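1. What shape does this take:
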Amino acid sequence: MASPFPNILIAPLNWGLGHATRCMPLINALMDRGVKPILASDGAALALLREEYPDLTALPLPAYDIQYRGNNMMLTMGAQLPKILRAMLAEQRAIKKIVRDHQIDIIISDNRYGVFHENCHSIFMTHQLNIKIPNRILEKIVASVNHRLISRFNECWVPDYAVAPRLAGSLSENTGLAMVKYTGPLSRIKKKILPVKYKLAIVLSGPEPQRTNLEKILLKQLVNFPDRVCFVRGVVNDATPPLVDNKNFFIQNYLTADKLNQVLNESEIVVCRSGYSSLMDLVKLGKRAILIPTPGQTEQEYLAEYLSEIGGFVAAEQADFELKKALVLLNKTTTKSWPEKDELGNLLDDLLKIINKN
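-> Prediction:
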């Protein structure tokens, strides 16, 4: 007897862990509706999904294997463009086999441009409808290419508010794509009223070697920190965290969604990258935070600056980061209250109705 549910593939990009974590509310919502999605990614993102969802099928996809060195995103990404294009072609070959072997009906791709299929209802998920480039002419060219790639999908889901002020600012503003739908911010985190246990929760993420560079900077400044700190390194495969001679210091390689949820709710202040998935978590919790963009990542630099102007956040550069200074600045800010807006359930219900009719 055929299953009453469609076969859905969810495939987040392996760029830090943020794309995988923001797919978790989507995975959970589908499971609540009786659907057991098939997962696909590579590297740390795939390892995370397998750990969080051991009962779901999780398949490997070709790796983009982007090495983020230096502080110039344009040069870094431009030099690796041939490798990215090869990865997209490899994704297409892999997806054809996955669709055939697992009889996929729906594909939800989080920023994997090659993960779509002509015989499936394909959805692209991104908060970057507009990509920040420090050159207006080049920015227009990149925007045109980005929109053309997204247009190969049936729908584009944006994890942000449909109207301004948006959490992603101008990044998520729709300037011409007809199939854009806004889900509201997506976070795996749940707000709880708990006693404060940690002064700081430090949650690292993002590509190497910048993740490690920031870790070294922070560890050096936290040696004599007088208050309790929970330090989450954001690495899934490394089993040996560094030793820190401070009894107030608790260091973990990685925390599951439930454990991270507990730590963040028990923390007064969060220190993290200004990656969009982290920002969605912070807004969900109503937490104040120190945001340290990955050097040269124009998206993170824009988001940190944009949100620091709104309130509740302080933007700080990695190169000259001073924790004490950032904490003083944060104490002078006021927190903005963001609305709780969730359209994901309605989008999923509509999607399942459409597919079932067909």
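
2. what sits up against the helix or strand hosting A94?
-> Per DSSP states H and E, A94 falls inside helix 81-102. Helix 81-102 has contacts (C-beta atoms under 8 Å, 6 or more residues apart in numbering) with 7, 9, 38, 40, 57, 59, 61-66, 77, 104, 107, 112-117, 119-120. Any C-beta I mention is one placed from the backbone N, CA and C, and that applies to glycine too.

3. and these, which are buried?
-> Neighbour-count burial (16 or more other C-beta atoms under 10 Å) applied to those gives 7, 9, 38, 40, 59, 61-64, 77, 104, 107, 112-117, 120.

4. so the nearest residue to F124 once chain neighbours are set aside, which of the three states?
-> Nearest residue to F124 in three dimensions, chain neighbours excluded: F153, at 4.1 Å (C-beta to C-beta, 6 or more residues apart in numbering). For F153, the reduced secondary structure class is coil; criterion used: DSSP: H, G, I helix; E, B strand; the rest coil.

5. ok, F153 - contacts?
-> Contacts for F153 (C-beta under 8 Å, 6+ apart) come out as S109, F116, S122, I123, F124, M179.

6. Could you check the pLDDT of it?
-> pLDDT for F153: 97.

7. for L307, same thing?
-> L307 is assigned 95 on the pLDDT scale.

8. hmm, back to that, mind listing which of the buried ones among the contacts of helix 81-102 are in strands?
-> Taking DSSP state E as the definition of strands, the buried ones among the contacts of helix 81-102 contribute L9, I38, A40, L59, I107.

9. Closest to L291 out of the residues you listed?
-> In terms of C-beta to C-beta, no member of these lies closer to L291 than A40, at 30.3 Å.

10. Identify the bridge partners of that closest one.
-> L59 (DSSP bridges).

11. any idea how far V314 is from it?
-> Computed with C-beta to C-beta, to the nearest Å, the distance linking A40 and V314 is 37 Å.

12. ok, and what's touching stretch 15-28?
-> Contact partners of stretch 15-28, identified using C-beta under 8 Å, 6+ apart, comprise 10, 12-14, 37, 39, 41, 44-45, 48-49, 52-53, 56, 64, 66, 108, 110-111, 125, 159, 186-188, 205-207, 211, 234, 236, 257, 273, 275-278, 280-281, 344, 348.

13. Flag every buried residue along it.
-> For stretch 15-28, a neighbour-count test (16+ other C-beta under 10 Å) marks 15-27 as buried.

14. re earlier: now do the buried residues in the helix holding A94.
-> I84, A87, M88, E91, A94, I95, I98, V99.

15. swap in stretch 195-213?
-> Y198, K199, L200, A201, I202, V203, L204, S205, G206, P207, Q210, R211.

16. mind putting those residues in JSON lines, secondary structure, distance to K287 and pLDDT included?
-> Shown next, in JSON lines, are the buried residues of stretch 195-213 (DSSP: H, G, I helix; E, B strand; the rest coil; distance: C-beta to C-beta, whole Å; pLDDT from 0 to 100):
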{"residue": "Y198", "secondary structure": "strand", "distance to K287": "12", "pLDDT": "97"}
{"residue": "K199", "secondary structure": "strand", "distance to K287": "13", "pLDDT": "97"}
{"residue": "L200", "secondary structure": "strand", "distance to K287": "11", "pLDDT": "97"}
{"residue": "A201", "secondary structure": "strand", "distance to K287": "8", "pLDDT": "98"}
{"residue": "I202", "secondary structure": "strand", "distance to K287": "13", "pLDDT": "97"}
{"residue": "V203", "secondary structure": "strand", "distance to K287": "11", "pLDDT": "95"}
{"residue": "L204", "secondary structure": "coil", "distance to K287": "16", "pLDDT": "92"}
{"residue": "S205", "secondary structure": "coil", "distance to K287": "16", "pLDDT": "84"}
{"residue": "G206", "secondary structure": "coil", "distance to K287": "19", "pLDDT": "77"}
{"residue": "P207", "secondary structure": "coil", "distance to K287": "24", "pLDDT": "78"}
{"residue": "Q210", "secondary structure": "helix", "distance to K287": "23", "pLDDT": "89"}
{"residue": "R211", "secondary structure": "helix", "distance to K287": "21", "pLDDT": "90"}
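
17. Compile those into CSV and extend it with columns for distance to E305.
-> Below are the buried residues of stretch 195-213 laid out as CSV (distance: C-beta to C-beta, whole Å):
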residue, distance to E305
Y198, 27
K199, 25
L200, 22
A201, 22
I202, 21
V203, 20
L204, 20
S205, 19
G206, 17
P207, 21
Q210, 18
R211, 21
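
18. Among the residues you listed, which one lies nearest to I133?
-> For the buried residues of stretch 195-213, the nearest to I133 is P207 (18.5 Å; C-beta to C-beta).

19. Break down the stretch 251-358 of the chain into its strands, ranges please.
-> 267-272, 288-291, 313-315 (DSSP state E, counting those that start in this stretch).

20. ok, residues contacting the second one?
-> When you say that, I think you mean strand 288-291. For strand 288-291, using C-beta under 8 Å, 6+ apart, the contacting residues are 268-274, 279, 282, 300, 303-304, 307-308, 312-316, 323, 326-327, 330, 333, 335.

21. Off-centre distance for it?
-> 16 Å (C-alpha atoms, centre = their mean, to the nearest Å).

22. Please work out the average pLDDT along that strand.
-> The predicted model assigns strand 288-291 a mean pLDDT of 97.

23. now swap in the shortest one and tell me
-> Regarding strand 313-315, the rounded mean pLDDT is 97.
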